[in-house]
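Student: give me the fold of what follows.
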Amino acid sequence: MHRKLAVTMILLFVLLSSAAAFAAPAKYEFHLPCADPFWGEGGIWGMLFARSVEELTDGAVKIILHLGGQWGGSEEDYVRDVQLGALDMALTATSNLAPYTNSLYVYDVPFLFKDPSHQIVSTFETRTQLKPFVKDILAKASKDCSFEILAVSPLGRRDTFGRRPLKSVDDLQGIKMRTMGSRPQIDAFKAVGTVVTPLPYGECYTGLQMGTIDAMENSPSIYYENRYYEVAPYWIGTMHYTITMAIIVQQNKWDSLPKQYQDIIRECAVSSAYIAAQWGHGASDLLLETVIPNVAKEVVHLSSEEQAALRAKALPVLLDSYADAIGIDVLKVLAEEDPLVADWLAKNR
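Tutor: Sure thing, here's the model as predicted:
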């Protein structure tokens, strides 16, 4: 119930926050494209960020949003253009920063966090501050990328759905599984016993329909909006990954800002990231509690014991390959509240 209330309050905040009418024109303008639609998780974050920056700088800084592909190109294009200085800002998945830095692997390895709530509380110190280790990660990644990374936000869980019943994690064994193209994603599903089958995203619906693949993974919103329930009516809550997005800024444009505006913009990025993370978490749960059971044939929620067993099967295998990329210092921070990570470190480092 508290999650539904949080979603409702955030909706009201967005709906009631009309654009302010400032008499003077903005001193600084930034174009911010986001591939997500207006009411998507990234769209919510972008709107809250842009509105709060304009409000708290008294209109001196204006963020001009381009949602739902209005800007043209892909998120990968946005990142490249920000680095080249051809674009002011972008809102992108952290996985798209992998060609430029290894410092964000903490957000790209499935099962590293126990669940979406764990990832949120591990990312934010307060409503306006990131955890110290997250600040360090972003500072290093910013240096690697040659652009400023203002904040990250865990925006929504990903689960598994298929053509045939998935009543327990045992039913994942041997199924033909389509995953995201990242190496950690592929290795994660191999570790839990699936046969990972490459398939372009645009062919997934037909692939499920024709039996080229048995199952795939994605978010509750994508499952519903793209009508995957028509060809994959069985849902199982693997909660293996939470998609994380970042707001990035072209370095010269960032450096041109007075420090007082930099401080306001960064705080707005973090605060809006915090709210957007709650939105994404609550919206996913709401879909799984209400809408998806009405369109899917079966929705299976793993018990806490089953979820822990699935994670215990996959994460040590992933840490064997990606611990150095994640960073041992980062793992030591996570190990303070995570016995599974602590156990791996004790045995291997």
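Student: tell me if I137 really is in a helix.
Tutor: Yes. The assignment for I137 is a helix, going by DSSP: H, G, I helix; E, B strand; the rest coil.
Student: ok, it to I149 distance?
Tutor: Applying C-beta to C-beta, to the nearest Å, the value for I137 to I149 is 9 Å. Every C-beta, even on glycine, is put in place using the N, C-alpha and C of the backbone.
Student: kindly report the same for V317.
Tutor: For V317, the distance to I149 equals 29 Å [C-beta to C-beta].
Student: check H66 too.
Tutor: Between H66 and I149 the distance is 19 Å, computed by C-beta to C-beta.
Student: compare the two (neighbour count), which wins?
Tutor: More crowded of H66 and I149, by other C-beta atoms under 10 Å: I149, with 25 against 18.
Student: quick one, grab the pLDDT at P198.
Tutor: Model confidence at P198, given as pLDDT, is 88.
Student: next one: G68
Tutor: pLDDT at G68 comes out at 89.
Student: what does A24 give?
Tutor: Here, the pLDDT recorded for A24 equals 67.
Student: low-confidence ranges in this structure?
Tutor: By pLDDT under 70, the weakly predicted segments of the chain are 1-24.
Student: need the strands for it, in chain order.
Tutor: Per DSSP state E, the chain carries strands over the ranges 28-34, 61-67, 89-93, 147-162, 176-178, 195-196, 215-218, 234-250, 298-300.
Student: out of those, flag the one nearest Y100.
Tutor: Ranking these by proximity to Y100 (C-beta to C-beta) places strand 147-162 first, at 8.5 Å.
Student: so what does that closest one touch, helix or strand wise?
Tutor: On a contact count with 3 or more C-beta pairs under 8 Å, 6 or more residues apart in numbering; DSSP states H and E, strand 147-162 meets helix 41-56, helix 116-123, helix 132-145, strand 215-218, helix 220-225, strand 234-250, helix 251-255, helix 259-286.
Student: at 7 Å what do you get?
Tutor: Applying 3 or more C-beta pairs under 7 Å, 6 or more residues apart in numbering; DSSP states H and E, one finds that strand 147-162 contacts helix 41-56, helix 116-123, helix 132-145, strand 215-218, strand 234-250, helix 251-255, helix 259-286.
Student: out of those, nearest to A296?
Tutor: strand 234-250 (5.1 Å).
Student: pairing partners for the closest one, with directions?
Tutor: Sheet pairing for strand 234-250, assigned by DSSP bridges, gives strand 89-93 (antiparallel), strand 147-162 (antiparallel), strand 298-300 (parallel).
Student: can you pull the buried residues of that strand?
Tutor: For strand 234-250, a neighbour-count test (16 or more other C-beta atoms under 10 Å) marks 234-250 as buried.
Student: G59 and I248, how far apart?
Tutor: With distances taken as C-beta to C-beta, G59 is found 23 Å from I248.
Student: ok, now F161?
Tutor: F161 sits 31 Å away from I248, going by C-beta to C-beta.
Student: sorry, back to before: Serialize the strands of the chain to a markdown table and add fields for distance to A323.
Tutor: Converted to a markdown table, those look like this (distance: least, C-beta to C-beta, whole Å):
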| stretch | distance to A323 |
| --- | --- |
| strand 28-34 | 32 |
| strand 61-67 | 37 |
| strand 89-93 | 22 |
| strand 147-162 | 20 |
| strand 176-178 | 24 |
| strand 195-196 | 21 |
| strand 215-218 | 23 |
| strand 234-250 | 18 |
| strand 298-300 | 31 |
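Student: all set, thanks.
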